[in-house]
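1. Build me a model from this:
(2 chains)
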Amino acid sequence: MANEKVRNPLFHIVKRKNIPWYKAWAIRAAAIIAALIVCAVITMLLTGENPIQIYITIFKGAFGTPRKTWVLFQNLSILLCVSLAVTPAFRMRFWNIGGEGQLLIGGLAAAACMILLGDKLSNGALIPIMIISSIAAGAIWGVIPALFKAKWNTNETLATLMMNYIATQLVAFFIIVWEVPKGSGKIGIINQSSEAGWLPQIGGQKYLLNIIVVAVLTVLMYVYLNYTKHGYEISVVGESEKTARYVGIKVEKVIIRTMLLSGAICGIAGLLLVGGTDHTITTTIGESRGFTAVMVSWLAKFNPIFMIFTSFLLVFLNRGASEIATVFSLNKSFSDILTGVILFFIIGCEFFINYKISFRKKGAKEEVKHV
Amino acid sequence: MFDLVSFIPRAVVQSIPLLYGSCGETLTEKSGNLNLGIPGVMYTGGICGVIGAFLYEQAVPAAEMKAVFAIGVPLLCSLLGSLIMGLIYCFLTVTLRANQNVTGLAITTFGIGIGNFFGGSLIKLTKSEVPSIALSATHKYFAAQLPFAKDLGWFGKIFLSYGFMAYAAIIIAFITAYIIKKTRVGLELRAVGENPKTADAAGINVSRYKYGATCIGSMIAGLGGLYYVMDYACGVWSNDAFGDRGWLAIALVIFTVWRPNVGVPASILFGGLYILYLFIPTGMLLSVKELYKMLPYLVTLIVLVLTSMRNKRESQPPEALGLSYFREER
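-> Numbers count the residues shown, from 1 in each chain, chains lettered A, B, ... in the order given. All right, here's what the predicted structure looks like:
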C-alpha cells in the first residue's frame, strides 16, 4: 500500500462537547471587539477620522437624544418581535425566511381594517378586529409553506422566500387600489384626522406600547419553548425527526402548529408597525427585518432572552453606522457594510465555540487514540 | 395585437442577468452550498465592474480607449469582486462550518451595502445632477452588435440584437450543464452535494469541490451584475436599480430543477413574466400591473410544490443542500 506511513496533519479539528457559558460568551465578545476594530479601520480609511471619534459618533447615533433612544428601542422591539416569531420554527430546523412576507401581510390586514372600517366602527370594536385579522393573516401566510412541507416535504427555505415577494406584490397592488391621492403611488397616513384604528399610546409615548407588547411576548416565548409540552416537541423534532416519530410525536402536526404560531407573531409585528407607529403601509415597511431576524435568532442560539442582546447589538450598530454616514457625509449604505463585517466575525466565531483545534503533538499515537 | 418582435428582445435582455445568477447558483448548490448571498454577490460583481470602468474612463480619453481594456478591465474587476465574496462565503461555511442560511443573508446585506455605498460615493465624486453614474463609453463596447444585424429585420432583432455577454451567458449555461451532467468532475461534484460522507470515503476532496464550485459559481453570478449595468442599463449605475433580480435568480434555480441548460429558455420565460405587465393592456387599472409582477414568484412556488409532490428523484434538490460537512461527525 502507498500510505504505509500514516501522515499526521499539523492540526485537526475536534468537536467540543460542552463549553462553559462564560467561555462561549468570552469568545463572542472577543469576536465583536475584533469586528469593531476592523470596522474602525475601514471607517478610518474612508473618513480619516480617529477611531475613538467614530465610536463616540456611533454611541451618539444610538443614544444621542431621547428621541434617538426611543427610536432605537422601537426598532429593537420590532426586530425582536420578528425574531421571536421565527425562532420556534428554527428550533425544529424549519428555515422560515419568510418573516418579511408574514409581517407585510399582517400589516396589510391591519391597514385594510383601518381603511375599510375606519369610519364605520369605534376604536373599541375596530382595534380587536385589527388584532384578530392581522394575526390570522400572518398565520395563514406562515402556514402555507408549512402545509407543503408537512405534506410533500417541499423545501421551506425557498417556499417562504417566494412567499415574501408574493406578499410584497400583493401589498403593492393594494397600495395602488387605496392610494391617496390618486396617482401618487402611496397611501399616506391613514385616518389622520379621526385616528381610527390607531393603537393607543401609553403615557404619551408613541413607542412604549410596542416595547411593552414585545417584552411580554419575549417572556411568553421563553416559557413556551422551555417549559411546555409544545416547546419540548419542537425541540425533539428539531433534533431528529425519526426520534420524534418513534416516540409518537405527530411531526406534521408540530410543523403546522409551529408555523401558525410563527406567522401569527409576524402578523403582530406588522400590526404594531401599521397600527402602532407608522399608520401607513409601504412595501418596504419591514425593512428586511425578516432576514435580519434570522441572524438575530441564530446568533442567540434560538434563546429568546439572549435575542434581546443580539437584536440590540444589530439595531445599535445600524443606528450608529447611519449616524456615521450622516456626520461624515458618507452614503447611508455604509451601515450595511459595517453590519456585514460584524456579522461575518460573529458567524465565524461560532466555530471556535463548537470546535477546538488540536495541534500535532510529539506523542502522536496517543493523541490519535484519544480522538 | 401582442407585439412579439419587440417583446422577445426585451424579455431576453431581462433574462440574461437571471441566467448568469441562476447558472452560478446551480453550480454552487450542486456542491451542497445553498448560497443565499447571490443577490449580494451580483451587486458586488456589478459595482466592481463599474469601479473598473470608471477608473479606466477617467484615465484614458474616450477616443483612445481600446476595446480589449474597455471590456477587460471591468470584466476582471467584476470577477475579482465576486470571487472575494465567494471566498468569504466558503471560508465561513466550509472551513468554519457556519450556518449557510445565516452566512448567505449576511453576504447579501454586505454585498448590497458595498454596491450602494461605492455607487453612491462614485456618484458624489462625479458631482452629477442625477443620482447615477453614466459610463456610456464603456457601454458602447459591451453592447456592440454585429454590423449587419440591423439589416436583417425581425430576425436580426430577435436573435442578433444583443451584446456579447448575452451570448456568453448562454454558452456558459450550456458548458456548466455539460460539466455537471457528463464529466467526471461533475459526477464528483454531484456526489459531494448529495452525500459528502460517501464522497469523502471515495477519496474526493469535499472542501476543494465546495470551494471550487462556490467560487466559480459566484464569479458567474457576478457577471450577471456586470451585464446588467454595462449592457442592459446602458452603463448607468444607480443605487438599488438592480432590485430583487438576485432572489429571482435563486427562484430560477428551483424552477429549472437544478439544470443550467433548462435555465436558458426558463430565464427567458422569467424575463418575459418580469416585463409582461408592460405589454398587457390594463387600461386605467394600474394596480393590476402589480399583480402581474407577482407571476415569476408564484410560478416558482408552484413548480417547487409540484416537483416535491411528484417526488421524482431527478428533480430533487441536492440531498445535502444547506448542510455543512464535518468529517468527524457521525
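
2. How far off centre is the longest helix along chain A?
-> Selection of the longest helix in chain A by residue count, based on DSSP state H, yields helix A:123-152. Relative to the chain's own centre, helix A:123-152 is displaced by 19 Å; criterion: CA atoms, centre = their mean, to the nearest Å.

3. burial count for residue A:46?
-> Applying other CB atoms under 10 Å in any protein chain shown, we find 15 residues neighbouring residue A:46. To be clear about C-beta, it is placed using only N, CA and C from the backbone, and glycine gets the same treatment.

4. What strand or helix carries it?
-> Assigned by DSSP states H and E, residue A:46 belongs to helix A:21-47.

5. Now do the helices for the stretch 51-200 of chain B: every range, in order, please.
-> Assigned by DSSP state H, counting those that start in this stretch, the stretch 51-200 of chain B shows helices spanning B:67-90, B:100-126, B:136-142, B:153-159, B:164-182, B:184-194, B:196-201.

6. and the fourth one, what other elements does it pack with?
-> Under the contact criterion of 3 or more CB pairs under 8 Å, 6 or more residues apart in numbering or on different chains; DSSP states H and E, helix B:153-159 touches helix B:4-30.

7. What mean pLDDT does the helix it packs on get?
-> Averaging pLDDT along helix B:4-30 yields 90.

8. Give me the buried positions along that helix.
-> For helix B:4-30, a neighbour-count test (16 or more other CB atoms under 10 Å in any protein chain shown) marks B:7-30 as buried.

9. Residue A:58 and chain B: what is the separation?
-> Distance, residue A:58 to chain B, by CB to the nearest CB, to the nearest Å: 16 Å.

10. list the contacts for the residue nearest to residue B:179 when sequence neighbours are not counted?
-> Nearest residue to residue B:179, sequence neighbours excluded (CB to CB, 6 or more residues apart in numbering or on different chains): residue B:186, at 4.8 Å. Contact analysis of residue B:186 by CB atoms under 8 Å, 6 or more residues apart in numbering or on different chains lists B:30, B:178, B:179, B:180.

11. Show me what counts as buried in stretch A:207-216.
-> A:207, A:208, A:209, A:210, A:211, A:213, A:214.

12. Distance of the third one relative to residue A:243?
-> To tie it back to what came earlier, the one meant is residue A:209. 42 Å (CB to CB, to the nearest Å).

13. repeat for the first one
-> Shown here: residue A:207 relative to residue A:243, a distance of 44 Å by CB to CB.

14. Ok, the fifth one next?
-> As defined by CB to CB, residue A:211 lies at a distance of 39 Å from residue A:243.

15. For the longest helix of chain A, give the mean pLDDT please.
-> Helix A:123-152 comes out with an average pLDDT of 91.

16. Check whether that helix comes near chain B.
-> Yes. Against chain B, helix A:123-152 shows contacts by CB under 8 Å from any CB of the partner chain at A:148, A:152.

17. so after that helix, what's the next helix or strand?
-> helix A:156-178.

18. Number of residues surrounding the residue nearest to residue A:44 when sequence neighbours are not counted?
-> Nearest residue to residue A:44 in three dimensions, chain neighbours excluded: residue A:51, at 5.9 Å (CB to CB, 6+ apart). Neighbour count for residue A:51, taken as other CB under 10 Å: 14.

19. go on, residue B:287?
-> The tally of other residues near residue B:287 (other CB under 10 Å) stands at 16.

20. Sweet, I'm off.
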